[in-house]
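A.B. asks: how would this look folded up:
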Amino acid sequence: MAPSDSAAPLPPAALAAFLRGCERRGAVFAELQCGDADRGDVALAAALRAFRSKAAALPMADWPARFWSLLSATPQLRTDGPNARWPGAFAALARPAPADRAALLLRLAGGLQEAEAADVLGLDGAAYRDALARACPRDSLGHPDAAAWRVLADAIQQHLRELPADRLATLARLREEALAGTRLPPAVVAQAVEPAATPAPHRWPWVLLAAVVLAAAAGAALWAWRGPGLPSSPLPQALPTDEPGVAMLPPDPEIASVELPPAEAPAARAEPMTAPEAHPDFLLLADADDEARAREADFLAWYVAGAGATSAATTDAGDPDATR
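C.D. replies: Numbering: from 1, shown residues only. Have a look, this model is predicted:
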């Protein structure tokens, strides 16, 4: 049975946010591309549904290019509609061919860079620049008109900012319908539902066998823990009663206790405080002056030895007979 709308999985928040960010630019692009807002909304709704079904298999970095590729390829935008019109500041859009107009509107309405727009249309850089040049507004002499380009770009940006509330509500409805209208593929749904729907009674013997093995392992572990040296006490049996199917609780088991032997005297006890006189260097520590001299004994010995050698050298230098 096909799942109902209420059972459809909720769309990811990232996908909903992406479509919300693209819907306004996509609507203006579609409207100006075909010259008809209603026809453009039909193309936008088809692109939203198609993108929703393909987004899960794409990295998020590829989402913008795929969305604009799907929107540009819709049949409603590849030709001018029967009610196409570009009034006022949009009059310059009536002259270019639909393919060249799409190259222009991907920049001005879609906000794409040149390389991104070329990738969306499947063109290389040179071919895209040629299409952009053909769609650029021209003056009376046929030359590119920079002032008319700025007027057209400003008019498109103003149209993006000033979409009426009813048009925004329509775009929100198209987005929500696209998000809620997709389903999981039938194979995926059947695979997810089948394990829960098919009972498996043949698994019970394996469950019982596993329970028996676990009980045997628990009994062996209990026997090993008790050890062979300890006498095994018989399990208390329930006492029978007169009422059928009812048994009295067994009496409390007898617990044997064994007193521990008296503790032996400790080999040594730690004194709470050791007397200073017991220290092996008590006399040295008691005399601060002697301790200081003792710590400088090496230096004093070196000094005395050096002073004697210096005195002998001085005496030899002052006695002329000492060198003869």
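A.B. asks: Confidence-wise, which helix or strand of the protein is lowest on average?
C.D. replies: Least confident helix or strand of the chain, by mean pLDDT, DSSP states H and E, is helix 186-197 with a mean of 38.
A.B. asks: ok, residue 153 - contacts?
C.D. replies: Residue 153 makes contact with residue 108, according to Cβ atoms under 8 Å, 6 or more residues apart in numbering. Where you see a C-beta, it was placed from the backbone N, CA and C, and this is true even at glycine.
A.B. asks: Sketch out the low-pLDDT regions of the stretch 51-200 of the chain for me.
C.D. replies: 181-200 (pLDDT under 70).
A.B. asks: what about the stretch 201-324 of the chain, any weak spots by pLDDT?
C.D. replies: 201-214, 216-253, 268-294, 307-324.
A.B. asks: wait, residue 34 sits on residue 76?
C.D. replies: Yes: contact between residue 34 and residue 76 holds when scored by Cβ atoms under 8 Å: they sit 5.8 Å apart.
A.B. asks: Spell out which residues are contacts of both of these two.
C.D. replies: Taking Cβ under 8 Å, 6+ apart as the contact definition, residue 34 and residue 76 share the neighbouring residues 40, 43.
A.B. asks: Which one's more surrounded, these two?
C.D. replies: Neighbour tally, residue 34 and residue 76, criterion other Cβ atoms under 10 Å: the higher count belongs to residue 34, 24 against 21.
A.B. asks: Enumerate every residue touching the more buried one.
C.D. replies: With contact taken as Cβ under 8 Å, 6+ apart, residue 34 is in contact with 40, 43, 76-77, 79-81, 84.
A.B. asks: Give me the nearest residue to it, chain neighbours excluded.
C.D. replies: Counting by Cβ to Cβ, 6 or more residues apart in numbering, residue 81 is the residue found nearest to residue 34 once chain neighbours are left out, at 4.9 Å.
A.B. asks: Against residue 144, how distant is the one you found?
C.D. replies: As defined by Cβ to Cβ, to the nearest Å, residue 81 lies at a distance of 27 Å from residue 144.
A.B. asks: Comparing these two, which residue is more hemmed in?
C.D. replies: Applying other Cβ under 10 Å to residue 81 and residue 144 shows that residue 81 carries more neighbours, namely 17 against 11.
A.B. asks: can you map out the strands along the chain?
C.D. replies: Using DSSP state E, the strands of the chain run over 239-240, 247-248.
A.B. asks: before we move on, back to that, now list the buried members of the contacts of residue 34.
C.D. replies: Of all those considered here, the ones buried according to neighbour count by 16 or more other Cβ atoms under 10 Å are 40, 43, 76-77, 80-81.
A.B. asks: So which of the residues you listed belong to helices?
C.D. replies: Judged by DSSP state H, the subset of these located in helices is 40, 43, 76-77.
A.B. asks: Throw those residues into TSV and include distance to residue 173, thanks.
C.D. replies: Below are those laid out as TSV (distance: Cβ to Cβ, whole Å):
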residue	distance to residue 173
40	15
43	16
76	18
77	20
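A.B. asks: Looking at these, which is nearest residue 132?
C.D. replies: Nearest to residue 132, judged by Cβ to Cβ, of these is residue 77 at 17.3 Å.
A.B. asks: what's the distance between the closest one and residue 109?
C.D. replies: Between residue 77 and residue 109 the computed distance is 12 Å (Cβ to Cβ).
A.B. asks: What of residue 155?
C.D. replies: Counting by Cβ to Cβ, the separation of residue 155 from residue 109 is 11 Å.
A.B. asks: Repeat that for residue 54.
C.D. replies: Counting by Cβ to Cβ, the gap from residue 54 to residue 109 is 22 Å.
A.B. asks: Comparing the two, which residue is more hemmed in?
C.D. replies: Between residue 54 and residue 109, counting by other Cβ under 10 Å, residue 109 is the more crowded of the two (24 against 13).
A.B. asks: quick one, what contacts the more buried one?
C.D. replies: Under the criterion of Cβ under 8 Å, 6+ apart, the contact list for residue 109 reads 25, 28-29, 32, 156, 160.
A.B. asks: one more time with 10 Å
C.D. replies: Residue 109 makes contact with 24-33, 102, 153, 156-157, 159-160, according to Cβ atoms under 10 Å, 6 or more residues apart in numbering.
A.B. asks: Kindly report the same for residue 80.
C.D. replies: Counting by Cβ under 10 Å, 6+ apart, residue 80 makes contact with 33-36, 39, 86, 94, 97-98, 101.
A.B. asks: okay, the contacts of residue 34 in a markdown table with distance to residue 121 next?
C.D. replies: Conversion of the contacts of residue 34 to a markdown table gives the following (distance: Cβ to Cβ, whole Å):
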| residue | distance to residue 121 |
| --- | --- |
| 40 | 18 |
| 43 | 16 |
| 76 | 17 |
| 77 | 12 |
| 79 | 16 |
| 80 | 18 |
| 81 | 20 |
| 84 | 20 |
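A.B. asks: Just give me the closest of those residues to residue 122.
C.D. replies: Sorting the contacts of residue 34 by how near they are to residue 122, with Cβ to Cβ, puts residue 77 at the top with 14.8 Å.
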